[in-house]
Every structure is written in C-alpha cells, then in structure tokens.
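1. pasting the structure only:
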C-alpha cells in the first residue's frame, strides 16, 4: 500500500514557476515508477510526466518546461514547472505505478493516487 500526498500548488502569473511535491508512504517507494497527471475543468485527466529509474518522460505540452525528479531517501517525487501558461491551470495529481519497466502513460495503469493540488496560472 502506498499513500501519496501532493503539495506546492497555488496561484501564479503566466511565466512564473512552481514546484510540486508528492510525499509517499511505504518502504518500497523506490520500486515504483511515479507519474504526474493533471485535470483541467471540463477535461479528462491527462498524462504530464513520468519517472522510472533514471528515465523521464513528458507530454509534448510540457516538454522543456517541466522537470520530474525524485528523492528516494525522502520518499518524494517533484515536478518543477517553469514558464507556466494559463493552459497549465489544472488539478495536478501524482500517481504510483508498480510496473517500473517500459513507460506507461494511461491513468488506468497507475495503482495509487494522491488527492491532487490545484495550480492556477493567471494571464
């Protein structure tokens, strides 16, 4: 069992930066691939980023602006977001995938989810 708690969301102006954190419980955190997803109002939840071992993957919409990283000693995964745009406004969720191999981008493939943190980017 893995419990995930996100933090770091907030209101920021376009062009600004935020760093999201996701703290995980459990002694096997390092065995999981971790992902970030987001859901904007009226839209489906979408993949943002994934870290599996040292491999990272990003959606095209955030590539070059967002960076996913993890600190296994702290059981925490991060999402550094820069050059934020109004279209980045969404609730951001972290998720854990027991399968730590080939990259997976569908939310149904992730076993554990946090409660989400709101990110609002004003124009």
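-> Done, it's in. Please read these numbers as outputs of a predicted model, since none were measured by experiment.

2. how about residue 25, phi and psi?
-> Dihedral angles phi and psi of residue 25 (degrees, to the nearest 10) take the values phi -90, psi 170.

3. what does the one 10 residues further on give?
-> In this entry, residue 35 is assigned phi and psi values of phi -130, psi 160 (degrees, to the nearest 10).

4. In contact with it, which residues?
-> 47-51, 94-97, 105, 110 (CB atoms under 8 Å, 6 or more residues apart in numbering). Placement of C-beta: from N, CA and C, glycine included.

5. Same list, those residues, but as a markdown table with neighbour count please.
-> As requested, the contacts of residue 35 are exported to a markdown table (neighbours: other CB atoms under 10 Å):
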| residue | neighbour count |
| --- | --- |
| 47 | 22 |
| 48 | 25 |
| 49 | 25 |
| 50 | 23 |
| 51 | 22 |
| 94 | 30 |
| 95 | 24 |
| 96 | 24 |
| 97 | 20 |
| 105 | 16 |
| 110 | 23 |
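
6. Just the ones in strands from those residues, please.
-> 47-51, 94-97 (DSSP state E).

7. circling back to that earlier point, now, among the contacts of residue 35, which is nearest to residue 28?
-> The closest of the contacts of residue 35 to residue 28 turns out to be residue 96 (CB to CB; 9.7 Å).

8. and the closest one, how far is that from residue 83?
-> As defined by CB to CB, to the nearest Å, residue 96 lies at a distance of 27 Å from residue 83.

9. do residue 110 as well
-> Separation of residue 110 from residue 83 (CB to CB): 26 Å.

10. same question, residue 115
-> As judged by CB to CB, residue 115 and residue 83 stand 27 Å apart.
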